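Colleague: Starting from these lines, generate the structure:
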Amino acid sequence: MKKIFSKIVALIIVSILLLNSCSKVQIHNFQGSSLGTYYSITYIGAENTQLQSSVDSILEGISHQFSIFDTTSIIYRINKGDSLPLTDDMKFVFEVSQKVSSITDGAFDITVAPIVNLWGFGKEKRTNVEQWEIDSVMQFVGFHKIKLQNSYVIKNDPRIQLNFNAIAKGFAVDKVAQYIASLGYANCIVDIGGEVVALGTKDGQQWQVGIQTPTNEADGAIDSQYAFPMKNKAVATSGNYRNYLEKEGKRYSHIISPKTGNPEKSTLLSVSVIAKDCVTADAYATAFMVLGMEKSLEIVKNNPSLAVYFIYDKNGKFEVKKSPNFP
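Modeller: Numbers count the residues shown, from 1 in each chain. Predicted coordinates:
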């Protein structure tokens, strides 16, 4: 699954046309870094010189709850065996995770930490993985092996570990957007590492969001595959073309199937999901990478608040498939 600190950066780009000399609208933008990635925020209205420091504080608080690398974080300590209650934020993310896991038949699962670490996408890098090793850790994977009781996570086995990396960044985008809106800024766009929430409009028009062409180039160049308008919604993308392991000439995706314990092997390169909030979009984007196009489209058909855009490889060329309701 995706990780807060190494997950794909800039899979989604935001097209922001900054203030021109004749415009009366005050458009402000600032950038920074947090959660192991960049952020870019644009808001319309009177300038707030304290806003960036407030955003940094919000993101620092989220990292302290969900980081699997920070030895003082709540989730790190829970994984080490400490008995700590989840915060209200963490309980909310847990419940969203549980709902998405149920709808996707386990394709989204926050208990994948042992198998993610085994494949070398955690702290420790691996050079090879044997089937017997996969089998040995899969006994600790499965949402049905944990439950939330009085703010505490109850595990069937103490060796079960939690990893919210595939959903926490989406939650962070929502949290920041909600805070900015609470200050009276009805028109803003928040982009954290390519996960985006767009509220209101810009110059009376919906914000333009672009899905990046899936390449593994690291030169910083941005090539938009597809641009679309968005208002009061969120979009998140998951992909397997940048974050991977290469062993014996083979590339292994960081998207691990909670069912098999193996990286997904498919022609699917990226999945972009639009939802009412980014925490939901983030979780479904990961789940849909595991499920593939047909099963994902069936879920979207039964959940009209979702829309999905796939980019896949066909004979070395990029092809696109999307749900009918994707703008």
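
Colleague: Identify each buried residue in stretch 273-283, please.
Modeller: Burial within stretch 273-283, assessed by neighbour count using 16 or more other CB atoms under 10 Å, is assigned to 273-275, 277-283. The way it works is simple: take the backbone N, C-alpha and C, and place the C-beta from them, glycine included.

Colleague: Let's see which of those end up in strands.
Modeller: Using DSSP state E, the members of these that fall within strands are 273-275.

Colleague: just to revisit the earlier point, including pLDDT and distance to residue 316, could the buried residues of stretch 273-283 go into JSON lines?
Modeller: Converted to JSON lines, the buried residues of stretch 273-283 look like this (pLDDT from 0 to 100; distance: CB to CB, whole Å):
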{"residue": "273", "pLDDT": "99", "distance to residue 316": "26"}
{"residue": "274", "pLDDT": "99", "distance to residue 316": "28"}
{"residue": "275", "pLDDT": "99", "distance to residue 316": "32"}
{"residue": "277", "pLDDT": "99", "distance to residue 316": "36"}
{"residue": "278", "pLDDT": "99", "distance to residue 316": "33"}
{"residue": "279", "pLDDT": "99", "distance to residue 316": "35"}
{"residue": "280", "pLDDT": "99", "distance to residue 316": "33"}
{"residue": "281", "pLDDT": "99", "distance to residue 316": "29"}
{"residue": "282", "pLDDT": "98", "distance to residue 316": "29"}
{"residue": "283", "pLDDT": "98", "distance to residue 316": "31"}
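
Colleague: Nearest to residue 134, out of those: which one, please.
Modeller: residue 283 (23.6 Å; CB to CB).

Colleague: Need the nearest residue in space to the closest one, chain neighbours excluded.
Modeller: Of all residues not flanking residue 283 in the chain, residue 100 sits nearest, at 4.2 Å (CB to CB, 6 or more residues apart in numbering).

Colleague: After the helix or strand encompassing that neighbour, which helix or strand is next?
Modeller: Element membership of residue 100, judged by DSSP states H and E, is helix 88-103. Remark: after helix 88-103, the chain's next helix or strand is helix 113-118, criterion DSSP H and E.

Colleague: Helices of the stretch 151-300 of the chain, residue ranges please.
Modeller: Secondary structure of the stretch 151-300 of the chain by DSSP state H, counting those that start in this stretch: the helices cover 168-182, 278-291, 293-302.

Colleague: Make TSV out of the ones you listed and add distance to residue 44.
Modeller: Below are the helices of the stretch 151-300 of the chain laid out as TSV (distance: least, CB to CB, whole Å):
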stretch	distance to residue 44
helix 168-182	10
helix 278-291	20
helix 293-302	31
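
Colleague: looking at those, which is buried most?
Modeller: Mean neighbour counts were taken over the helices of the stretch 151-300 of the chain using mean count of other CB atoms under 10 Å, and the top value, a mean of 29, falls to helix 278-291.

Colleague: how far does it sit from the chain's center?
Modeller: 7 Å (CA atoms, centre = their mean, to the nearest Å).

Colleague: What of stretch 269-288?
Modeller: 7 Å.

Colleague: Run through the residues that contact the residue nearest the centre of the chain.
Modeller: Among the residues of the chain, the one closest to the centroid is residue 282, at 3.9 Å (CA atoms, centre = their mean). Going by CB atoms under 8 Å, 6 or more residues apart in numbering, residue 282 touches 2, 166-167, 169-171, 195, 236, 273.

Colleague: Roughly how far does it sit from residue 195?
Modeller: From residue 282 across to residue 195, the span is 6 Å (CB to CB, to the nearest Å).

Colleague: Between the two, which contacts overlap?
Modeller: Contact with both residue 282 and residue 195 is made by residues 169-170, 236, according to CB under 8 Å, 6+ apart.

Colleague: can you list the residues you listed in TSV and add distance to residue 64?
Modeller: Putting the shared contacts of residue 282 and residue 195 into TSV (distance: CB to CB, whole Å) gives the following:
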residue	distance to residue 64
169	15
170	18
236	22
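
Colleague: any weak-confidence spans in the protein?
Modeller: Where the chain drops to pLDDT under 70, the residues are 1-24, 122-127, 215-224, 241-254, 264.

Colleague: Leaving out chain neighbours, which residue sits closest to residue 238?
Modeller: residue 285 (3.9 Å).

Colleague: wait, that neighbour sits on residue 237?
Modeller: Yes: in this structure, residue 285 is within contact of residue 237 by CB atoms under 8 Å, at 5.8 Å.
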